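>>> this one's sequence-less:
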């Protein structure tokens, strides 16, 4: 459609998730009119990403140093581990300001159809952490979807061999601010079966 | 929120138009998991853009060579010029397959509040093209908004000095496939005043 580099730019941008052809065109023309210094910054950060982003050697979260901020913070309770799928889930839990323990990032969820089995996830590292550190509780905070639930079930089976370890799962139920009428059957069913005495 | 380069990447992506914090995060994590070769391609194309994209010396459209494809195509009628604001408008007119003349890209529209006056647009170049080539018609295809209309009015005043030159403006009216009921007053007013005998 366009000539040369402009079309290349639109094509490359259009490959990013959630960016359709119209957005790619708008961003491309924005970049064409952008200060070269700003372009250089974007280029540089892509270069750094390409050289490889580091992951915390303990929890697997993205990190600047060998150990991430949370794993090197002595005020965080090392006896409670929250197991999540992705680094962005760490951020989601952190935003609640309710959790003072540490994290373990699996790097995904079990999904045999996409070729993700237990060996593709950081499960061995989780078991060795529990064996070494004095972990008293593991909170399984994988996503409440098919893959996340399968991963949770798999982990529960592995973890019940550790004596004295409590394994918990995030509660499922109605989202706050929601409307009972609009809840799907599965969510409402979970909310019913997980009802609490007041 | 995140550490180091991941946050830098999210920040840089979030500066692009139409990309909010959530999209920036999703794209960033996509890029973290992307094949380095793909990242290199995106980086390279940004580098090429940064070195400067070339514009056709005749019409001002983005171009690989000194002259764009349309200006160097002898089958395109050089006596009819379609004046548009931006390169993407050239593409929009080309998509209709109704126009066989050539283009002139102004590089924007008059907008005194943002500091865009006649000298910031390629108006001098337009006048010299009309003076040199044997242009018989100029179609003003600026956007049908305040700035585009102001630019059109300004151009009409300049171009009426050229003897034998026809100056036309794209028709305003109801969009095809639209609904009379939902047309705004301005559009419906234009459609009324521009009604045609059948």
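Yep, it's here. Just so you know, these numbers come straight off a predicted model, no measurement behind them.
>>> Quick one: the strands in chain A, in order.
Counting by DSSP state E, chain A has strands at residues A:77-84, A:101-105, A:137-140, A:166-169.
>>> which of the ones you listed sits most buried?
strand A:101-105 (a mean of 24; mean count of other CB atoms under 10 Å in any protein chain shown). C-beta: built from backbone N, CA, C; applies to glycine.
>>> who touches it?
Strand A:101-105 is contacted from outside by A:55, A:58-61, A:70-71, A:76-87, A:89-90, A:93, A:122, A:125-126, A:129, A:137, A:139, using CB atoms under 8 Å, 6 or more residues apart in numbering or on different chains.
>>> Contact partners for the residue nearest to the spatial centre of chain A?
Nearest to the mean C-alpha position of chain A, by CA atoms, centre = their mean, lies residue A:86 at 1.9 Å. Shown in contact with residue A:86 (CB under 8 Å, 6+ apart): A:105, A:107-108, B:29.
>>> Filter those residues down to the buried ones.
A:105, A:107-108, B:29 (16 or more other CB atoms under 10 Å in any protein chain shown).
>>> Please flag which of these sit within helices.
residue B:29 (DSSP state H).
>>> quick one: the helices in chain A?
A:4-14, A:21-32, A:36-50, A:87-96, A:123-132, A:146-159, A:185-193.
>>> what would those look like in JSON lines with mean pLDDT?
Below are those laid out as JSON lines (pLDDT from 0 to 100):
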{"stretch": "helix A:4-14", "mean pLDDT": "88"}
{"stretch": "helix A:21-32", "mean pLDDT": "89"}
{"stretch": "helix A:36-50", "mean pLDDT": "88"}
{"stretch": "helix A:87-96", "mean pLDDT": "89"}
{"stretch": "helix A:123-132", "mean pLDDT": "93"}
{"stretch": "helix A:146-159", "mean pLDDT": "94"}
{"stretch": "helix A:185-193", "mean pLDDT": "85"}
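>>> what's the most buried one of those helices?
Burial of those is given as mean neighbour count (mean count of other CB under 10 Å); helix A:4-14 ranks first at a mean of 20.
>>> That one vs chain B: in contact?
Yes: using CB under 8 Å from any CB of the partner chain, helix A:4-14 comes into contact with chain B via A:4-6, A:8-9, A:12-13.
>>> Can you name the residues in contact with that helix?
A:1-2, A:19-21, A:23-25, A:27-28, A:31-32, B:41-42, B:45-46, B:48-49, B:53, B:62-64, B:87.
>>> 10 Å instead, please
For helix A:4-14, the surrounding residues in contact (CB atoms under 10 Å, 6 or more residues apart in numbering or on different chains) are A:1-2, A:19-29, A:31-32, B:16, B:27, B:38-39, B:41-49, B:51-54, B:61-65, B:87-88.
>>> Then stretch A:47-54?
Residues outside stretch A:47-54 that contact it (CB under 10 Å, 6+ apart) are A:62-66, A:68, A:87, B:3-6, B:8-9, B:28, B:31-40, B:42-43.
>>> wait, what's in contact with the spatially closest residue to residue A:46 that is not a sequence neighbour?
Excluding the flanking residues, the one nearest residue A:46 by CB to CB, 6 or more residues apart in numbering or on different chains is residue B:43, at 4.7 Å. Taking CB under 10 Å, 6+ apart as the contact definition, residue B:43 lies against A:12, A:42-47, A:49-50, B:36.
>>> I figured residue A:107 was touching residue A:88, is that so?
No: look at residue A:107 against residue A:88 with CB atoms under 10 Å: they stay out of range, at 12.0 Å.
>>> Next, the distance between the ends of stretch A:53-68.
12 Å (CA to CA, to the nearest Å).
>>> Okay, buried residues for it please.
A:53-56, A:58-64, A:68.
>>> just stretch A:104-117 next, same as before
Quick answer for stretch A:104-117 (16+ other CB under 10 Å): A:104-111, A:116.
>>> For residue B:98, state which of these is nearest.
Using CB to CB, residue A:111 is the member of the buried residues of stretch A:104-117 that lies nearest residue B:98, at 49.9 Å.
>>> which neighbours do residue A:107 and residue A:88 share?
By CB under 10 Å, 6+ apart, no residue touches both residue A:107 and residue A:88.
>>> okay, residue A:35: pLDDT?
Predicted confidence (pLDDT) for residue A:35: 83.
>>> ok, it - contacts?
Counting by CB under 10 Å, 6+ apart, residue A:35 touches A:41, B:50.
>>> hang on, the earlier thing: mind picking the two most distant members of the buried residues of stretch A:104-117?
Within these, A:104 and A:111 form the most distant pair, 18.5 Å apart (CB to CB).
>>> picking up where we left off before, just the buried residues of stretch A:104-117 now: which is nearest residue B:178?
Residue B:178 has its nearest neighbour among the buried residues of stretch A:104-117 in residue A:111, at 45.1 Å by CB to CB.
>>> got the contact list for the residue lying closest to the closest one once chain neighbours are set aside?
With sequence-adjacent residues excluded and distances taken as CB to CB, 6+ apart, residue A:111 is closest to residue A:147, at 4.7 Å. By CB under 10 Å, 6+ apart, the contact list for residue A:147 reads A:85, A:108-114, A:116.
>>> Could you verify my assumption that residue A:61 touches residue A:84?
Yes: at 8.9 Å, residue A:61 counts as touching residue A:84 under the criterion of CB under 10 Å.
>>> Find residues that contact each of these two.
Common neighbours of residue A:61 and residue A:84, counting by CB under 10 Å, 6+ apart, are A:90-91, A:103-105.
>>> pLDDT wise, what is residue A:64 at?
80.
>>> Please name the residues that touch it.
Counted by CB under 10 Å, 6+ apart, residue A:64 has contacts A:53-54, A:56, B:2-7.
>>> circling back to that earlier point, now the residue nearest to residue A:46: how far from residue A:183?
From residue B:43 across to residue A:183, the span is 45 Å (CB to CB, to the nearest Å).
>>> can you tell me which of the contacts of residue A:147 lies nearest to chain B?
residue A:108 (9.8 Å; CB to the nearest CB).
>>> That closest one and residue A:87 touch, don't they?
No: between residue A:108 and residue A:87 there is no contact under CB under 10 Å: 11.1 Å.
>>> Overlap of the contact sets of these two?
With contacts defined as CB under 10 Å, 6+ apart, no residue is shared by residue A:108 and residue A:87.
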